[in-house]
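**Q** fold the following.
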Amino acid sequence: MSQQHGKTVQADAEQALSPDEIEAMIKEFDSESNFRDIAGPIAVLVTVTSVVLSLFHLYTAGFGLLNEVMHRTVHLAFVMGLVFLVFPRKRAAPTPAMWRTSIVFAAFYLFLIFDLFDQLPPTPSTYIFSAGMVALAALTLPINGKGAKPGRIALRDWLFAALGAGFSAYLAVFFKDIFIVNVGDPRPQEYMMGLIAIVMTLEATRRTMGPTLAYIGAFCILYAMFGPYMPGILAHRGYGIDRIINHLFVGTEGIYGVAVGVVATYVFHFVLFGILAQMSGLGQLFIDLATIIAGRHSGGSAKVSVVSSGFFGMISGSPIANTVTTGAFTIPLMKKMGFSGRFAGAVEASASCGGQVTPPIMGASAFVMTEMLGVPYNEIILIAIIPAAFHYLAILLMVHLESKRLGLAGMSADKIPQMAQVLKRSWHLLVPLGVMVALLLMQYTPFLAAFWGILLTIGFSYIPLVAHKMGNRDMDLDTVLTPKRLVIGFEDGAKFALAIGAACACVGFLLGVTTLTGLGFKFSAAVVQLAYDLAAFVTALDFTGLLSEKSIALFFGLFFVAIACILMGAGIPTTPTYIILASIAAPALTEFDVPLIATHFFVFYFGVLADVTPPVALAAYAAAGLSRADPMRTGTTAFRLSMGKALVPFMFIYAPSLLFVDFSPLEFVLALTSGILAILALSAAYIGFWKRELVLFEKVLLTMAGLVLISNNLIAIAVGSVVVLGILARAKASSRTEAA
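**A** Now for the predicted structure:
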């Protein structure tokens, strides 16, 4: 696409939002991007520290990681120190809700302080430490709510930053004494630093993610302490605060567990790659390619939104950032072509959330899955292909049917770039991505693949400059990663990894308590028992004898876990949601003889779905802000458009061959065919159109038949297929009659 064409497209998009407005909207809806506006020496300090953190990860990715604990402690020391400098309090003036939440957490901190005080020897250092911690608990309250002046940081945040960096730095500095000399016999100062670690991790999580995940972390600690008082199956013998601190702080079972390990060794590098790739122009290339692929078809602007969001989501870890970045271009175009603001926003939100389940990168959760399951990443990519294709097929079908219902045409030819021009201008942007994907498929470590992807992105960004000097004026020089822009990219890469780092440290509380108390097995047992109780009730009412108690129990088990995933994912990013649910909920499904990889994909998909599930559908709300539509209605529509993502997990549970697990060619073909037909039926039923407007009974039958088609029962599939094909054929025939 030529530069002139780019200007034309921007004009068509009506310049809906300026870059500053886009940034403000991302901050509003995406807590992970709500960075503080700072200036002067403080800004320089933050920039230098962020760049050092990025360079540390880039160097270790290419030349070798530190030992497991040391690498994670160094990473978290930088992350926790930067969190309190980069992220502001949510509001300048504290609200009553903020006060209530802060008082609850301050009381929780005081409880831990006094409990630990009883466990430590009565020395002067113990009294000084306890008094200091009481003062620290008081400082977590939103006192002096108006905060510091713009561009400055309050003194308490400097203290929080020092303590946040300090507890990890302590482990790094005294690594030999803690992990070799005194292993298994912590000293009083280890318990003191461990309590600081708990408090600052919860405060960092509240600062970056809001209170929900922090509440979960605090509840886990209380659960570990008050086990004997828990009801029924949840009861356990209980543990003292000293044992809990030792378990969570020293070693790799808690704060420095698998969650932080994955961020420190995989996620950070791909976040950095995504930032640099976007700065080099890859995002615009994706939009151009999507326009070429889908623009000329009916409702072309909406299909461009779906395809471009899928492309963009592969390198963006945030569904909300994806929604706002691509939606600023696509949503005005959709509205201009005739789609309602509600539908336009829903299309963008649903498509943007699909990026996290789309190979080859799939966001951070896929790397966590690799670590937790011990499955090579190239296999995860292969397994994810069919489910992701189903998700986008559902969205594209509904967009197509809505376009036909409204009688919308595609984009005009002059608005669609030429492939030759696009490749001539941007071919170099595909090389780093291609090399990185090739290395992943060749089973090189993900961080080494990201290392070469980053270096090649930087190097190939200079191609336009070389071409310009050789007389080619078509390439955009603004995409060259000059030293100044590279510093910005390294800084942004570190900043965008801070929130997920803090969240994963908090998730370590749940992982540690799960291994300490057996919480995951207890939850699994409760879900299995409830599912079988309901299944027994249903089969008792079955006079035909066709229903199997085990299959009914499996359905109820899937339903309960799906609901838990959606509720847990409300307001919590996908990665911590997946880690929590994979540790607690996924084991329940293995009790029904479901393959382990299928259970993890199940909770992964429903965790992602939470971003478009009201009442906390953050991606949909961000899209509604762009489309000027009602947020709740936009969220409801986005959830319906994401039905492929809701149905696909049930499909691959009943037919694991879709994930290439326990592969059977016959099962694969049958599941693939019935899945496509189910998505077609439900799409037509939701839009209410197939060649003509559908009447109520047709929509009801299509919905019921579509749901039946996701089963693995041959009779049910045959009946569902006949019903669907019959209704669609009837609608097509009657539309021809009306036309004649």
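
**Q** ok, how many other residues are close to L55?
**A** 12 (other C-beta atoms under 10 Å). Where you see a C-beta, it was placed from the backbone N, CA and C, and this is true even at glycine.

**Q** renumber starting at 50 from here on
**A** Yes, from this point I'll number from 50; that puts the last item at L104.

**Q** show me what contacts S354?
**A** Neighbour list for S354: 339, 375-376, 379-380, 382-383, 393, 396-397, 400 [criterion: C-beta atoms under 8 Å, 6 or more residues apart in numbering].

**Q** among those, which one lies nearest to V480?
**A** Nearest to V480 among those: A339, at 19.7 Å, using C-beta to C-beta.

**Q** for the closest one, give me the pLDDT.
**A** For A339, the model assigns a pLDDT of 83.

**Q** that one: how many residues sit nearby?
**A** 23.

**Q** list the contacts for it?
**A** A339 neighbours (C-beta under 8 Å, 6+ apart): 352-354, 356-357, 360.

**Q** how near is it to A398?
**A** As judged by C-beta to C-beta, to the nearest Å, A339 and A398 stand 17 Å apart.

**Q** the contacts of A339 in helices, which ones?
**A** The helices, defined by DSSP state H, take in 352-354, 356-357, 360 from those.

**Q** can you check these and name whichever has the most neighbours?
**A** Among the ones in helices among the contacts of A339, S354 has more neighbours than the rest - 33 neighbours, counting by other C-beta under 10 Å.

**Q** for that one, give its distance to L690.
**A** In this view, S354 and L690 are 11 Å apart by C-beta to C-beta.

**Q** give me the common contacts of the two.
**A** Listed as contacting both S354 and L690 by C-beta under 8 Å, 6+ apart are V396.

**Q** what's the spacing between R534 and P137?
**A** Using C-beta to C-beta, R534 is found at 25 Å from P137.

**Q** over to P513?
**A** P513 sits 37 Å away from P137, going by C-beta to C-beta.

**Q** and the two? which has more neighbours close in?
**A** Per other C-beta under 10 Å, whichever of P513 and P137 has more neighbours is P513, with 24 against 19.

**Q** can you say which helix or strand has that one in it?
**A** Assessed by DSSP states H and E, P513 sits inside helix 512-518.

**Q** which residues sit against that helix?
**A** 477, 523-526, 528-529.

**Q** with distance to I503 added, can I get these in a markdown table?
**A** Output for the contacts of helix 512-518, formatted as a markdown table (distance: C-beta to C-beta, whole Å):
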| residue | distance to I503 |
| --- | --- |
| H477 | 15 |
| D523 | 26 |
| M524 | 21 |
| D525 | 20 |
| L526 | 21 |
| T528 | 15 |
| V529 | 16 |
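
**Q** and of the residues you listed, the nearest to L104?
**A** Distances from L104 to these, taken by C-beta to C-beta, are shortest for V529, at 20.0 Å.

**Q** tell me how far the closest one lies from S475.
**A** 13 Å.

**Q** before we move on, what about A499?
**A** With C-beta to C-beta as the criterion, A499 and S475 are 21 Å apart.

**Q** coming back round to it: hmm, which of the contacts of S354 is lowest in pLDDT?
**A** T375 (74).

**Q** can you tell me the SS state at it?
**A** helix (DSSP: H, G, I helix; E, B strand; the rest coil).

**Q** okay, now it: neighbour count?
**A** Applying other C-beta under 10 Å, I find that T375 has 27 neighbouring residues.

**Q** picking that back up, who's more crowded, V529 and S475?
**A** Between V529 and S475, counted using other C-beta under 10 Å, S475 has the larger neighbour count: 24 against 20.

**Q** contact partners for that one?
**A** Contacts of S475 by C-beta under 8 Å, 6+ apart are 330, 333-334, 337.

**Q** sorry, back to before: and the contacts of A339, which is closest to L457?
**A** K352 (10.7 Å).

**Q** show me where the stretch 450-599 of the chain has its helices.
**A** For the stretch 450-599 of the chain, the helices defined by DSSP state H, counting those that start in this stretch cover 468-475, 479-490, 495-509, 512-518, 532-566, 568-589, 598-617.

**Q** redo those as TSV? Include distance to G289 and mean pLDDT.
**A** Shown next, in TSV, are the helices of the stretch 450-599 of the chain (distance: least, C-beta to C-beta, whole Å; pLDDT from 0 to 100):
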stretch	distance to G289	mean pLDDT
helix 468-475	60	86
helix 479-490	45	88
helix 495-509	38	92
helix 512-518	61	86
helix 532-566	12	91
helix 568-589	18	85
helix 598-617	28	84
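
**Q** pretty sure L690 contacts E397?
**A** No. Look at L690 against E397 with C-beta atoms under 8 Å: they stay out of range, at 9.9 Å.

**Q** more crowded one of these two?
**A** E397 (35 against 30).

**Q** and the more buried one, how far is that from P532?
**A** The gap separating E397 from P532 is 35 Å, by C-beta to C-beta.

**Q** kindly report the same for G344.
**A** As defined by C-beta to C-beta, G344 lies at a distance of 37 Å from P532.

**Q** likewise D541?
**A** 15 Å.

**Q** nearest to Y703, of the contacts of A339?
**A** So of the contacts of A339, ranked by how close each gets to Y703 (C-beta to C-beta), first place is V356, at 29.1 Å.

**Q** for the closest residue to that closest one other than its chain neighbours, pull up the helix or strand it's in.
**A** Spatially, and ignoring its direct neighbours in sequence, V356 is nearest to A339 (3.8 Å; C-beta to C-beta, 6 or more residues apart in numbering). In this assignment (DSSP H and E), A339 forms part of helix 331-343.

**Q** and if you look at A780?
**A** Judged by DSSP H and E, A780 forms part of helix 763-788.

**Q** just the mean pLDDT for that helix, thanks.
**A** Throughout helix 763-788, pLDDT has a mean value of 87.

**Q** so I628 touches F558, yeah?
**A** No. Using C-beta under 8 Å as the test, I628 is too far from F558 to be in contact (11.3 Å).

**Q** distance check, V128 against E640.
**A** Taken as C-beta to C-beta, the span from V128 to E640 is 37 Å.

**Q** between those two, who's got more neighbours?
**A** In this view V128 and E640 are compared by other C-beta under 10 Å, and V128 has more residues nearby, 29 against 19.

**Q** name the SS class of that one, please.
**A** helix.

**Q** mind listing what the nearest residue to it once chain neighbours are set aside touches?
**A** With C-beta to C-beta, 6+ apart as the criterion, V128 has its nearest non-adjacent residue at 3.9 Å, and that residue is G550. By C-beta under 8 Å, 6+ apart, the residues touching G550 are 124-125, 128-129, 132, 309, 312-313, 317.

**Q** let's have those residues in a markdown table, adding secondary structure, pLDDT and distance to D206.
**A** Converted to a markdown table, the contacts of G550 look like this (DSSP: H, G, I helix; E, B strand; the rest coil; pLDDT from 0 to 100; distance: C-beta to C-beta, whole Å):
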| residue | secondary structure | pLDDT | distance to D206 |
| --- | --- | --- | --- |
| H124 | helix | 95 | 21 |
| L125 | helix | 96 | 18 |
| V128 | helix | 96 | 15 |
| M129 | helix | 96 | 12 |
| V132 | helix | 95 | 10 |
| V309 | helix | 91 | 22 |
| V312 | helix | 87 | 23 |
| A313 | helix | 90 | 24 |
| F317 | helix | 88 | 23 |
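
**Q** wait, which of the residues you listed is closest to L658?
**A** For these, the nearest to L658 is V312 (22.6 Å; C-beta to C-beta).
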